[in-house]
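J.: Coordinates for the following, if possible.
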Amino acid sequence: MTSKVLIVALAVQVLFAVFFLTDSLISVLDLRTNPIDWRIKELIDISAAIGLLIGSVLGSVAIRYVMAASDKAAAGMKVASGAFHELMEDNFTDWGLSVSERDIAMLMLKGLSIKEIAAVRESSEGTIKSHSNSIYRKASVTGRGQLQSIFIEDLMDGGVAPSRPNKEAVEAD
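T.: Reported below is the predicted structural model:
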C-alpha cells in the first residue's frame, strides 16, 4: 500500500470528522437558518460514515503493514547481531586471543573505558592496559579506534572484506 493512498484515506477521515463535528455544533448551538432537506442531510451523513469506515479499514491495514515491517526489521537485526558476534569470534580466533583477551576485547568494542572494564572484571587498570596492548599487537592495530574499525569495515562490506594477514604471515614473508 502506497503512502499516497494512506494520506488520501487520512484526509478523507479528517474531512468527514470535521463535517460531523461542525454538523453537531450547528445543531447544538442552533445556528442553521436555512434547514436542508432531511434526505440530503442523511445522504451526507451516510457518505461521511462510509468515508470514516474506509479510513478505519485502511488504517488497520497500514498498522498491520507497519507491524510486519517492524517484525522483519527486528529479525534482520537479530541476524546482524548474530553475524557480528560470529565475525568477532572469527577475528578473535584468527588473532589467537586468550579467553581473558577475548572478554576484554568484547568490552572494549562495547565502549567501556579501561576503568570500567577493570571494575567489571575485578582487575587492576594496569592488567587491563596490559591485555589491551596485547590485543592491539595481535590484531595489528595501534588502538581502540582501529580495532573497532576492523569490525565496522567488515560489516559495511557485508562481512566479506578481505582478511588482513595475521602478524605471523607478514613476518614469514
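J.: all strands for this protein, in order.
T.: Counting by DSSP state E, one finds no strands in the chain.
J.: longest helix anywhere in it?
T.: Counting residues, the longest helix in the chain under DSSP state H turns out to be helix 38-95.
J.: just how off-centre is that one within its chain?
T.: Here the centre of helix 38-95 is set off from its chain's centre by 13 Å, with Cα atoms, centre = their mean, to the nearest Å.
J.: In this structure, where is pLDDT below threshold?
T.: 1-2, 32-33, 79, 157-173 (pLDDT under 70).
J.: burial count for residue 149?
T.: 13 (other Cβ atoms under 10 Å). C-beta here means a position set from N, CA and C on the backbone, and glycine is covered the same way.
J.: Let me know whether residue 52 touches residue 13 as I believe.
T.: Yes: Residue 52 is within contact range of residue 13, at 5.9 Å (criterion: Cβ atoms under 8 Å).
J.: Which other helices and strands does the longest helix of the chain contact?
T.: Contact partners of helix 38-95 among helices and strands, from 3 or more Cβ pairs under 8 Å, 6 or more residues apart in numbering; DSSP states H and E: helix 3-29, helix 99-109, helix 125-139, helix 144-156.
J.: of all those helices, which lies closest to residue 81?
T.: helix 144-156 (10.9 Å; Cβ to Cβ).
J.: hmm, who's touching the closest one?
T.: 80, 83-84, 87-88, 91, 105, 108-109, 132, 135-136, 139, 141, 161, 164 (Cβ atoms under 8 Å, 6 or more residues apart in numbering).
J.: number of nearby residues for residue 82?
T.: Neighbour count for residue 82, taken as other Cβ under 10 Å: 10.
J.: correction: residue 80
T.: 12.
J.: how about it, what does it touch?
T.: Shown in contact with residue 80 (Cβ under 8 Å, 6+ apart): residue 155.
J.: gap between it and residue 140?
T.: Residue 80 sits 26 Å away from residue 140, going by Cβ to Cβ, to the nearest Å.
J.: And residue 55, by the same measure?
T.: From residue 55 to residue 140 the distance is 60 Å (Cβ to Cβ).
J.: So for these two, which sits in the more crowded spot?
T.: Neighbours were counted for residue 55 and for residue 140 using other Cβ under 10 Å; residue 55 has more, 21 against 15.
J.: what's near enough to touch that one?
T.: Contacts of residue 55 by Cβ under 8 Å, 6+ apart are 9, 10, 12, 13, 16.
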